[in-house]
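*Asks:* Just need the structure, nothing else, for what follows:
(one chain, ligands or ions: 1)
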Amino acid sequence: MASARYYDGKVAIAREVGVRAGSHELIITDVAGTAVLARWPAAEIGVLGDTEHEKAPPLVRRGEEARLVIEDGELRRQLAHAMPMLAALAKPRSRAVPRIALFGATLAAAVGFFWLAIDVGSSTIAPYVPYDLQHRLGAGVAGELIGQQPLCQGRAGLAAVSGLANRLAEAAGYPHPIEVRVVKGGPVNAFALPGGIMVLYSDLIDRARSGNEVAGVMAHEIGHVVHYHSIKGLARQFGIDQLLKAMTGGFSDLGTIGQGGSLLLALRNGRAFERDADATGVELLEKLGLRADGVASFFERMLENHHGDVAGMIGIWSSHPPTAERIKATRRPSSGKPAFTDAEWTAVRNVCK
Ligand SMILES: [Zn+2]
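*Replies:* Okay, the predicted model is just below:
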């Protein structure tokens with residue numbers, strides 16, 4: 001009986017497989033258990049996705065795009081028991097973790113808590129990673145993702161998007177400034193990175209029918225920022241210790257977009273994160289008395305858009321739930337003030353000119 005699905009990272013088709021724990025590795029076989037398809041060394045395996053909400057968070061081998069989803073609950077428990085690094089697969093998660101993390105963070109303020117944090121759990125501790133390190137990491141990742149594409153310099157347009165982004169973050173109680181970078185060109189996308197960095201592509205602005213649609217997408221990304229989703233994703237993919245090395249030493253430790261796509265994988269938000277960001281986004285717009293119907297109308301028009309390129313794997317298109325479901329969840333009345341004044345919206349549309 002098949003109990004797991006395996007994506008080899010090359011073909012977008014899941015294969016039903018058998019899985020068993022070896023002494024120092026995870027062995028992925030065909031369903032019959034006779035042919036070995038892959039062997040993943042224990043030290044290289046990570047649990048991706050939201051382990052608190054997702055029933056079967058995918059396993060990854062670090063540095064590879066291959067994924068393994070174990071649907072069989074009993075098998076998940078067995079593996080979690082057999083291999084310590086898979087402990088997150090076992091349910092239920094301990095309720096004591098958040099309290100320990102808070103205690104750890106307080107203590108850490110005095111002793112430099114990073115080494116403590118490693119033991120507590122990457123997802124919980126991620127928000128406590130010192131902000132300047134988060135920002136340094138975010139800036140590094142932004143550089144990787146943006147590559148050679150030029151950044152737009154229109155002052156009034158940047159002031160308008162930055163003003164809105166910061167008002168939204170402030171309404172959420174986020175204690176740090178938001179830095180918006182507008183990239184000239186495509187894809188039609190936006191994403192949030194550690195350290196309050198938001199990347200917005202001008203193709204998205206061009207495709208939006210109104211400022212409220214851009215505001216809706218931005219509010220969604222602010223939702224990711226205030227929940228620290230990107231640093232959590234990176235911590236989960238690479239481990240806090242490896243992230244620390246990347247932040248203090250060389251960013252290249254994390255690999256590049258082109259090599260294995262592990263950065264993209266880490267930044268890909270799971271179902272629960274997308275739902276949280278959607279909900280938080282519209283909530284923040286409403287809190288500021290702004291029109292909150294933009295994200296649903298934008299999603300609606302983009303429903304048929306298919307993004308097969310790598311950049312399309314992350315950002316607003318990385319959702320697992322069908323977009324129709326997200327449209328329904330984010331639909332709001334057209335009441336409220338426009339997010340941008342007419343003059344601001346004109347400036348935003350001309351930000352790259
Ligand atoms: Zn998102």
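*Asks:* Number of residues surrounding the closest residue to residue 353 other than its chain neighbours?
*Replies:* Spatial nearest neighbour of residue 353, excluding adjacent residues (C-beta to C-beta, 6 or more residues apart in numbering): residue 154 at 6.6 Å. To be clear about C-beta, it is placed using only N, CA and C from the backbone, and glycine gets the same treatment. By other C-beta atoms under 10 Å, 18 other residues sit near residue 154.
*Asks:* Let me know whether residue 154 touches residue 351 as I believe.
*Replies:* Yes - using C-beta atoms under 8 Å, residue 154 is in contact with residue 351, at 3.8 Å.
*Asks:* if we can go back for a sec, just the pLDDT for the residue nearest to residue 353.
*Replies:* With respect to pLDDT, residue 154 has a value of 96.
*Asks:* For this structure, list the residues in contact with the ion, please.
*Replies:* Residues of the chain lying close to the ion by C-beta under 5 Å from the ion are 269, 274, 277.
*Asks:* Turn those into CSV, columns for neighbour count and distance to residue 188.
*Replies:* What follows is these, written out as CSV (neighbours: other C-beta atoms under 10 Å; distance: C-beta to C-beta, whole Å):
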residue, neighbour count, distance to residue 188
269, 26, 17
274, 24, 17
277, 26, 18
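*Asks:* what's the closest of these to residue 329?
*Replies:* Taking C-beta to C-beta as the measure, residue 329 lies nearest residue 274 of the residues of the chain next to the ion, at 9.8 Å.
*Asks:* That closest one falls within a strand, correct?
*Replies:* No - under DSSP: H, G, I helix; E, B strand; the rest coil, residue 274 sits outside any strand and is assigned helix.
*Asks:* Kindly state the pLDDT recorded for it?
*Replies:* For residue 274, the model assigns a pLDDT of 86.
*Asks:* same deal with the one 4 residues further on?
*Replies:* At residue 278 the predicted local distance difference test score is 92.
*Asks:* my read: it touches residue 223, true?
*Replies:* Yes - contact criterion C-beta under 8 Å: residue 278 and residue 223 qualify, at 6.9 Å.
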